[in-house]
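Engineer: generate coordinates for the sequence data below:
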Amino acid sequence: MERQLQFGIPYSETGYITSNLKGEPLNPNYVYNHFSQMIKKSGVRRIRFHDLRHTHATIMLQLGEHPKVVSERLGHSSIEMTMNTYSHVTPDMQQESSNRFERAMRTSLHQ
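Structural biologist: Modelled structure (predicted):
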């Protein structure tokens with residue numbers, strides 16, 4: 001909206017996370033090429049743009065975010081789809097859950 005007011009550019013609020021100056025979706029090739037250049041310049045291991053989505057979901061689950069919230073963020077149709085895709089996170093989550101339950105039981109026994 002600032003650009004529209006400043007430059008008189010027709011702007012359409014479409015809700016896209018990344019958009020051009022008019023609020024329209026960016027060309028996927030532009031996003032891919034720009035991201036690839038940034039990765040190359042930074043010197044980090046080459047990843048795909050889509051890998052950022054997987055990283056985000058994995059970190060959210062590891063932080064203990066409810067799978068329903070993660071599922072909705074990813075636009076999955078069900079929690080099952082999310083958990084099947086990110087099942088590699090669950091062994092650690094299972095151990096952490098077991099540890100939390102054990103601490104809770106010890107606490108309740110000592111009260």
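Engineer: CA only for contacts and neighbour counts going forward, please
Structural biologist: OK.
Engineer: tell me where the protein has helices.
Structural biologist: Per DSSP state H, the chain carries helices over the ranges 2-7, 28-42, 51-62, 67-74, 79-85, 90-109.
Engineer: average pLDDT across the last one?
Structural biologist: Think helix 90-109. Summarised as a single mean, pLDDT over helix 90-109 is 85.
Engineer: ok, and what's touching that helix?
Structural biologist: Counting contacts by CA atoms under 8 Å, 6 or more residues apart in numbering, the residues outside helix 90-109 that touch it are 62, 64.
Engineer: next, the angle from that helix to helix 51-62.
Structural biologist: For helix 90-109 against helix 51-62, the angle between stretch directions is 20 degrees (axes from the mean of the first three to the mean of the last three CA atoms, to 10 degrees).
Engineer: Serialize the helices of the chain to JSON lines and add fields for mean neighbour count.
Structural biologist: Written out in JSON lines, the entries for the helices of the chain read as follows (neighbours: other CA atoms under 10 Å):
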{"stretch": "helix 2-7", "mean neighbour count": "10"}
{"stretch": "helix 28-42", "mean neighbour count": "12"}
{"stretch": "helix 51-62", "mean neighbour count": "14"}
{"stretch": "helix 67-74", "mean neighbour count": "15"}
{"stretch": "helix 79-85", "mean neighbour count": "14"}
{"stretch": "helix 90-109", "mean neighbour count": "12"}
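Engineer: wait, which of those helices is closest to residue 22?
Structural biologist: Proximity to residue 22 (CA to CA) singles out helix 2-7 among those, at 8.1 Å.
Engineer: quick revisit: now the helices of the chain in TSV, with distance to residue 20?
Structural biologist: TSV is the format used below for the helices of the chain (distance: least, CA to CA, whole Å):
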stretch	distance to residue 20
helix 2-7	11
helix 28-42	11
helix 51-62	21
helix 67-74	23
helix 79-85	30
helix 90-109	38
